[in-house]
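*Asks:* how would this look folded up:
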Amino acid sequence: MRPNGMYQTAPAGGREPKGDTLTSRLRSAVQQPRRIVARAMMAAIMIAGGALVGATTVSSPALAVAGGTSAVPPLVCTGDGTTGHRVQVVYLYENVNSFSLREAAIRQAIWEAQTNINDSARRDGGQRYLNFVHDSNCQAVITTIQTPTGTTDGNHPWINASNLTANDRIYLVLGEETTIDCGVSWNDHVEWDSTPSTSNLHNSRTSWIVYGDNCVDGHTVTHELAHSLGGVNLNAPNSDGNWHCNDGYETLCQPASGAVCPDPISIRYLDCNGDDYFSLNPTGIWLPTHFNAALHNLWLTAGSSVTPLTAPFPLPPQYLRAVDIQSTSIAFSFRPPGDTAGITAYEILRNGVLVATIPANEGRTTARVSGLPTNTTAYYNVRSRVTVGGTSRYSVASQGLAATTITGG
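*Replies:* Model prediction:
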């Protein structure tokens, strides 16, 4: 049995390239975590090799540019935001604190991950919300930690930050000065346990996820969280032998062949056929009698019964921004979603009416809307569109932005 489970995500489009080694043994230098009580608000934490230089927490999202940027939606609150099994988001750096540059990507990624996991449950007519450490406004609390120079050496900054070890936490860490290619997750001796109950080791031991500074998006975060929640056991029917699946488009299938779930938008979801690791209505001969992350996980909060989703749909872009406002035109920019597979175009709406289309294959995330009346305020959103065979599916619209054209000129 391996000492720990490790999974790695490479940066090629947010997915591991075909042929990469997706699983490796932990190095012998990794110490087994100690059991401690974690606090969401860290004032001081000791790390191996010395004390943290500083630790702060940020819960509210960065302020929008006045009149110019819409924020990412808040998370869905679960409980009091602190107690119980939760994902703790951490920003780790040595010398240069670039949190203000990373915050937007982090908040968009974790919102998309919570949405992706919940939509995976909605396929079966239910809801499952991933528990984050959050404040009273449903904004994730992000702990910022400065470590001494040299403590994030190599690909393992989490080894030195060894006091992030509460057994009711998944630590999701963005390491600013690491040499990691993209994302790595691992756990404390739980990957083989397929016990079909809440007593499964996935619910009683720590998991860690660490990203390089430019590899946090909705896909990579959903992917590694899916590992931490229980996917994919090597004995599952569609295991590829490397802790991933091989039966179709979904977040842990590498490569996404589309054999069972051919719709590329399904890459957002966990367990496309509901027979390996996540389903409210498990199918096949394996999942009904083994650990099911949707039914046996303490990291998720159940919601209400809902009408089952009949087809996957894309996520919207976020952070719509008015980057240039003139008398009869406004130029906008936005951040695309983490999963762009299958998206045909992005569309900007003015007061609910389509006013600009940006083909996704152009790679642009900007557009200018012209022919507007002067000195007029309107409400703008952006959404994603998927068109296949003449039929279109749309994401929900992004958070709205009020922008006013100037007078004259």
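*Asks:* just to be sure, residue 385 is in a strand?
*Replies:* Yes - under DSSP: H, G, I helix; E, B strand; the rest coil, residue 385 falls within a strand.
*Asks:* tally of neighbours for it?
*Replies:* 20 (other C-beta atoms under 10 Å). Placement of C-beta: from N, CA and C, glycine included.
*Asks:* could you do residue 320 as well?
*Replies:* Residue 320, neighbours per other C-beta under 10 Å, totals 25.
*Asks:* quickly find the element holding it.
*Replies:* Using DSSP states H and E, residue 320 sits in strand 318-325.
*Asks:* and that strand, what's its mean pLDDT?
*Replies:* Regarding strand 318-325, the rounded mean pLDDT is 93.
*Asks:* pull out the buried residues from that strand.
*Replies:* Across strand 318-325, burial judged by 16 or more other C-beta atoms under 10 Å covers 318-322, 325.
*Asks:* from those, which is closest to residue 388?
*Replies:* Distance to residue 388, by C-beta to C-beta, is smallest for residue 318 among the buried residues of strand 318-325, at 23.9 Å.
*Asks:* need the contact list for the closest one.
*Replies:* When contacts are counted by C-beta atoms under 8 Å, 6 or more residues apart in numbering, residue 318 touches 70, 72-73, 104, 108, 111, 334-335, 337, 398-399.
*Asks:* for residue 384, see how far away it is.
*Replies:* As judged by C-beta to C-beta, to the nearest Å, residue 318 and residue 384 stand 11 Å apart.
*Asks:* what's the burial count for the residue nearest to residue 360 when sequence neighbours are not counted?
*Replies:* Residue nearest to residue 360 in three dimensions, not counting chain neighbours: residue 343, with 4.6 Å by C-beta to C-beta, 6 or more residues apart in numbering. If you count neighbours by other C-beta under 10 Å, residue 343 ends up with 23.
*Asks:* residue 343 touches residue 386, doesn't it?
*Replies:* Yes - using C-beta atoms under 8 Å, residue 343 makes contact with residue 386 at a distance of 5.9 Å.
*Asks:* mutual contacts of these two, please.
*Replies:* With C-beta under 8 Å, 6+ apart as the test, residue 343 and residue 386 both reach 265, 314.
*Asks:* among the buried residues of strand 318-325, which two are most distant?
*Replies:* Across the buried residues of strand 318-325, the longest distance by C-beta to C-beta is 20.1 Å; it joins 318 and 325.
*Asks:* just to revisit the earlier point, name the residues contacting each of residue 318 and residue 384.
*Replies:* Joint contacts of residue 318 and residue 384 (C-beta under 8 Å, 6+ apart) are residue 337.
*Asks:* now the strands for the stretch 251-400 of the chain?
*Replies:* 300-302, 318-325, 330-335, 345-350, 353-359, 366-369, 377-388, 391-394 (DSSP state E, counting those that start in this stretch).
*Asks:* follow-up on the earlier one: with the buried residues of strand 318-325 in mind, which one is nearest to residue 277?
*Replies:* Distances from residue 277 to the buried residues of strand 318-325, taken by C-beta to C-beta, are shortest for residue 318, at 28.1 Å.
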